[in-house]
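In: following is a predicted model, sequence given first.
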Amino acid sequence: MSDAEAWRVAVLDRHTAGTGLFQGARCTFAVANYWTYGYFEPRDHCELPGLLLRTRASAHAPHVFFAPGVEDEPYRYHPSELPAYVSWTVELPPARGVPGRPALVMPCPGPWEIWAEPRRDRVDWHVRAQHRGRQIHRTLSGPLSAEHTVHVEARPTTLRVTVPAGATVEVEHDAYPEPFMVTFGSAAAGGWPVETVYREIAIEEVPYPRADSSLPDGPEDLRAADDAWCFLVNEATPDEPRHSEGDLVVSSDGSLLLVWTDYHAGKGWDDSPARLCARRSTDGGRTWSRKWPVVENEHGTNVMSASLLNLGEELLLVYFDRLPDMPAKGMVARRSGDGGRSWSAAAAITPANGNRHAANNASLRRLADGRIVLATREYVDGVRWPYCLLSDDGGRTWHAGAHVPDPGLPERERRAQNVNEPSVAQLADGRLLMTMRSVSGGQFFACSEDGGQSWSRPVLSPLRGACSPAAIQRIPGTADVLALWTYGLCGRTPLVAAISNDAGRSWRPLKLVEQCRHHGYCYTSITFHRDHVLLTYCHYPELAGLRRFAVEPGYIDLRLTALPVEWFYRAVT
């Protein structure tokens, strides 16, 4: 098995969970003053004004640096995890002829360092390494430009460095200590201040794509007989830069209705202006109608995260909004008796207790006894607590079940995410399985034996990966649960599917729904239609160098993939 396939185990369970995962990082510094990116030293000499990291070294702080991590805890690496591919994009100060090292990158502690020396007509990149008691110093020259991107391939005792315009050098060095972190910053000398602006930083298990790289697209293991299709059902534009958090429902007439969040005012922040829009398909999802608005941004708060359910004579739509009589944002519901062409007035369904309540897209489930369950979370003093909203009268009235018990995470992980953004599936024995994202290594699971009214204590599941929501649903006519999640720690990638027939204790086979490690995927919806599974999910470049256009904080396409149910059972050979 190649290094790229090290993650693929025959059975993913508590013994094999985390196999092949590399604790990498991708940072684009999109959110202003979001210090949970990692470890900053000293913090008062670092700035995160939004879309960049600025490090300012001076006589008071001769070495200022950032190390990727979570909540002031840096990621640490071991030589056994190498090779690693490190890249960074920086703006450099003008040539001033003063001492110091802008764009200083180095493992700490470690055997090498790289920094920039801006000159009048070029930039010199210095590579210095320790090897068998002597110092190796190489210099690479690159052109002056607004931004500079450097790529490094770090192996246990060699370093390969590529600077703009393609100049490359490879040097040998002493072994790394165990463990080490990788730092990005500035160093001052002689009391002169030195400033560096970092636009993005990546530490990855796969190489940064060059311009001539062909990136794999879509699902693996496709065969001609599979009748599969995959495309951008809603493509971002500079005016509408984010299409996200959608859901699909099969209407009573057999057509498909897609409702998603359309960010329509030129920015894609979570709280930017957004509305719900819809498309319809009458050929199983191969082609789609023109879009039309379903819910406008009429109350001064963005409208997002749609979930749909076919109740027979009516469709139920719930989404995240704040009506004028709600004390805080929460979930509201509408009904349609004409297949989604028109909708009733909105009604709040979350408790009016002053706390924020939110559910992800595609979070509605109808249980075998008719109860409707909406996997939700409540923000209490800044901590997120999953629970379920429950309806026993077809979605007309709702009551809240109990929060999941405290999983007992360390305080920094509890404050960062706790367990969050739940998805629920009903098992064959009637119990409910809930999955929740975290910054603690992967998805947490909890079970309910009373229809979502109460839950067992959440525990870390075999579904490992970065902090990204998973989606789970039972496959109709079977006892099997299908899970979609991102099995990786370098970002929300790659998108993986697996099936469990033992209540989530083990999963097989692991299949790549999306092969590219340089795009992110999240907020998946799962819809079973005839003998296919239709998936919608967010699709966006993990690195700015892959973007079609620039927009704050980055664009998101909505992707649709249709695969036969049999594909999810078929092991990769």
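Out: Nice, I can see it.
In: can you list contacts of the helix or strand encompassing Asp124?
Out: Using DSSP states H and E, Asp124 maps to strand 123-131. For strand 123-131, contacts defined as Cβ atoms under 8 Å, 6 or more residues apart in numbering pick out 92, 101, 111-117, 135-144, 148, 150, 159, 161, 163-164, 167, 169, 171-174. In this view, the C-beta of every residue, glycine as well, is placed from N, C-alpha and C.
In: rerun that using 6 Å as the cut-off
Out: The contact list for strand 123-131 (Cβ atoms under 6 Å, 6 or more residues apart in numbering) reads 111-117, 136-142, 161, 163, 169, 171-174.
In: in its sheet, which strands sit next to it, and in what direction?
Out: strand 112-118 (antiparallel), strand 134-142 (antiparallel) (DSSP bridges).
In: including distance to Cys490, mean neighbour count and mean pLDDT, could the ones you listed go into a markdown table?
Out: A markdown table is the format used below for the strands paired with strand 123-131 (distance: least, Cβ to Cβ, whole Å; neighbours: other Cβ atoms under 10 Å; pLDDT from 0 to 100):
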| stretch | distance to Cys490 | mean neighbour count | mean pLDDT |
| --- | --- | --- | --- |
| strand 112-118 | 21 | 20 | 96 |
| strand 134-142 | 26 | 14 | 96 |
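In: will you turn the ones you listed into CSV that also has distance to Asp247?
Out: Below are the strands paired with strand 123-131 laid out as CSV (distance: least, Cβ to Cβ, whole Å):
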stretch, distance to Asp247
strand 112-118, 46
strand 134-142, 47
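In: closest to Leu367 out of those?
Out: strand 112-118 (57.0 Å; Cβ to Cβ).
In: that older thread, now the strand holding Asp124, how far from the centre of its chain.
Out: Centre-to-centre, strand 123-131 and its host chain are 34 Å apart (Cα atoms, centre = their mean, to the nearest Å).
In: what does stretch 519-537 give?
Out: 16 Å.
In: using CSV, list the CA coordinates for it.
Out: Output in CSV follows, covering the C-alpha atoms of stretch 519-537 (Å, rounded to 0.1, in the frame of the first residue of the first chain):
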residue,chain,number,x,y,z
HIS,A,519,-10.3,21.2,-1.9
GLY,A,520,-12.5,21.2,1.2
TYR,A,521,-15.9,19.5,1.6
CYS,A,522,-18.5,19.9,4.3
TYR,A,523,-22.2,20.1,5.3
THR,A,524,-23.3,17.1,3.3
SER,A,525,-26.9,16.1,2.7
ILE,A,526,-27.9,12.5,2.0
THR,A,527,-31.0,11.6,-0.1
PHE,A,528,-32.0,8.1,-1.1
HIS,A,529,-33.8,8.1,-4.5
ARG,A,530,-34.6,4.8,-6.2
ASP,A,531,-31.3,2.9,-6.3
HIS,A,532,-29.1,6.0,-5.9
VAL,A,533,-27.7,8.1,-3.1
LEU,A,534,-27.8,11.8,-3.9
LEU,A,535,-25.3,14.0,-2.0
THR,A,536,-24.9,17.7,-1.9
TYR,A,537,-22.0,19.4,-0.1
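In: list the helices and strands the host helix or strand of Pro462 packs on?
Out: Pro462 belongs to strand 459-464 when assigned by DSSP H and E. The helices and strands touching strand 459-464, judged by 3 or more Cβ pairs under 6 Å, 6 or more residues apart in numbering; DSSP states H and E, are strand 442-448.
In: which strands or helices does the strand it packs on pack on?
Out: Using 3+ Cβ pairs under 6 Å, 6+ apart: strand 442-448 touches strand 432-437, strand 459-464.
In: and among the ones you listed, the most buried is which?
Out: strand 432-437 (a mean of 26; mean count of other Cβ atoms under 10 Å).
In: and that one, average pLDDT?
Out: For strand 432-437, mean pLDDT is 98.
In: quick one: strands adjacent to it?
Out: By DSSP bridges, strand 432-437 pairs with strand 420-426 (antiparallel), strand 442-448 (antiparallel).
In: mind putting those strands into JSON lines with distance to Val551, mean neighbour count and mean pLDDT?
Out: Listed next are the strands paired with strand 432-437 as JSON lines, based on distance: least, Cβ to Cβ, whole Å; neighbours: other Cβ under 10 Å; pLDDT from 0 to 100:
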{"stretch": "strand 420-426", "distance to Val551": "24", "mean neighbour count": "25", "mean pLDDT": "98"}
{"stretch": "strand 442-448", "distance to Val551": "30", "mean neighbour count": "24", "mean pLDDT": "98"}
